[in-house]
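S.K.: sharing a model prediction with you, sequence too.
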Amino acid sequence: MSFRERVINVVQAVPHGKVVTYGQVALLAGAPRAARHVGFVLRGLDQAQEYPWHRVVNAQGKISTYRVGVGELQRALLEHEGIEFDGEERIDFRKYRWEPGQEWLDAHYAGPVRVAEEQ
């Protein structure tokens, strides 16, 4: 399974009302140092398909996007799911971070993958 496919599998597993970080997705996808590549994968997703891309935030619990309007959309989608932001525009990971259980890890984690394979 490619890194891209692994990223999509992780993101699709994040439940409604929970978030993960780019780094967490990279780790769960088998490439712990590839957080930036997770962003590239998410940015390149087919917009016609409904992936919960909005549930991925940066390590500070903030929205990170360079595309105009996407940050506002992401925040609106998260707030619609009940996720709250504090006065510094951060999400409280103690309350909203998704931590996959051992069952999910046993079923989905296939070990390390080289991101370079994708290029």
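M.R.: That came in fine, so what should we check first?
S.K.: residue ranges of the strands in this structure, please?
M.R.: Counting by DSSP state E, one finds strands in the chain at the ranges 20-21, 56-57.
S.K.: centroid residue for this protein?
M.R.: Closest to where the C-alpha atoms of the chain average out (C-alpha atoms, centre = their mean) is V56, at 3.1 Å.
S.K.: against D106, how distant is it?
M.R.: Distance check for V56 against D106: by C-beta to C-beta, to the nearest Å, it reads 23 Å. For the C-beta atoms, the positions are set from N, CA and C on the backbone; glycine is no exception.
S.K.: likewise F40?
M.R.: 28 Å.
S.K.: those two: which is more packed in?
M.R.: Counted by other C-beta atoms under 10 Å, F40 and D106 do not tie: F40 has more neighbours, with 13 against 9.
S.K.: count of neighbours near Q60?
M.R.: If you count neighbours by other C-beta under 10 Å, Q60 ends up with 13.
S.K.: and it, what's its pLDDT?
M.R.: Per-residue confidence (pLDDT) for Q60: 96.
S.K.: what residues are up against it?
M.R.: Contact analysis of Q60 by C-beta atoms under 8 Å, 6 or more residues apart in numbering lists R90.
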